[in-house]
Structures are given as C-alpha cells and as structure tokens.
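[1] here you go, sequence then predicted model.
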Amino acid sequence: MRLLPALLVLAIAAPAEAATTILPGYWESTNRLLSPIRQTKTEKRCITPADVEKFMSGPSNRHYACTYPTKVFAGGKIRLKGACVSKKGRKVAVQGEGTYTPTSFNLTAEIATEFLGLDISGKASTEARRIGDACPAPPSSTPAGG
C-alpha cells in the first residue's frame, strides 16, 4: 500500500513564512506512520535559505498537490487543515498540530482518504531537528580510470 507512506510526507508540510519558522542548515527528520500500519523513515537533508519556504510549504512529494485553508505557524505552535490531491485525483484530508523552534519541529497529523470504496484514516508524525549550521560537502565523483 504505497499510498500511506506518501501521506506521511504530506503530514509534515504546511505553508509558513521562513523568517518565523525554521533556520536553514542541515536537518534530520524522522517520519512515522503510526496507523493503520507502522512505518518509520529517517532522512537528512540540506535546507538552504532559499529552500526554507519551499520546505515549510511543501509537500516535498511530487505525487500530491496540497492546499491548506487553515495554516498557522505562530508563537511556536503549528496548526494546519487542508486537503491534498494526487495526480490521479485521489483526495486526502490532512489535519495536524505541533510545535516548532528555529532548530526543531514536531507535528502529529490525522489523514483520511478513500481507497477501493473503503474509508481509510491514519495518524502520522514528524520529529525534525537541525543538526548543523552548514551542510556537508557533496561527495566528489572520481573521474573514470582515476
């Protein structure tokens, strides 16, 4: 069931102003699908100053387009409510709450969709933290024969 892991990425994304949310740098995030099945994925990524707004207004998932009529990032609190639509027209309702600082954020989201005529709901969470001011240098490629 590929749909549910993709929804996890949707749960962490909500529009916000970069100056009032996270700082650029090297970030590590742990995304968990808590129900209906359990799945955990941890990743590290570089977030440049130009990427902050895109990261926060995601999703960083090419399969869904999302709109959040309710999107609040203020006073260290996150609240979002909206919907995402896949390229094939599948709709997913997303509602989440959490907290943030310039160097961390935590979000828990409820997701709901219909699949093969069945209503499916679940819960996902993201814990992210800034692990460095600067991103590691990209690996250099060795020339052929070298």
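    Good, I have the coordinates.

[2] tell me the mean pLDDT for stretch 128-138?
    Mean pLDDT, stretch 128-138: 91.

[3] identify each buried residue in that stretch, please.
    Counting neighbours by 16 or more other Cβ atoms under 10 Å, one finds that the buried residues in stretch 128-138 are Ala128, Arg130, Cys135. Every C-beta, even on glycine, is put in place using the N, C-alpha and C of the backbone.

[4] longest strand in the protein, please.
    Assignment by DSSP state E gives strand 118-132 as the longest strand of the chain.

[5] contact partners of that one?
    The contact list for strand 118-132, computed with Cβ atoms under 8 Å, 6 or more residues apart in numbering, reads 4, 7-8, 11-12, 22-23, 25-37, 44, 98, 102-114.

[6] pLDDT weak spots in this structure?
    Within the chain, the stretches with pLDDT under 70 are 1-19, 53-63, 141-146.

[7] now do the helices in this structure.
    3-11, 52-56 (DSSP state H).

[8] what residues are bridge-paired with the closest residue to Lys41 other than its chain neighbours?
    Leaving aside its sequence neighbours, Lys41 sits nearest to Asn31 (Cβ to Cβ, 6 or more residues apart in numbering; 5.0 Å). Taking DSSP bridges as the rule, Asn31 bridges to Lys41, Thr126.

[9] tell me who's in contact with the closest residue to Val72 other than its chain neighbours.
    Spatial nearest neighbour of Val72, chain neighbours left out: Arg79 (4.4 Å); criterion: Cβ to Cβ, 6+ apart. If you count contacts by Cβ under 8 Å, 6+ apart, Arg79 has them with Thr70, Lys71, Val72, Gly96, Glu97.

[10] who are the contact partners of the third one?
    The contact partners of Val72, taken as Cβ under 8 Å, 6+ apart, are Ile78, Arg79, Leu80.

[11] and stretch 120-129, which residues are buried?
    For stretch 120-129, by 16+ other Cβ under 10 Å, it's Ile120, Gly122, Lys123, Ala124, Ser125, Thr126, Glu127, Ala128.

[12] buried subset of the contacts of Arg79, written for PyMOL?
    Here is the PyMOL selection string for the buried members of the contacts of Arg79, based on 16+ other Cβ under 10 Å:
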select buried, resi 71+96
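
[13] right, I'll call it a day here.
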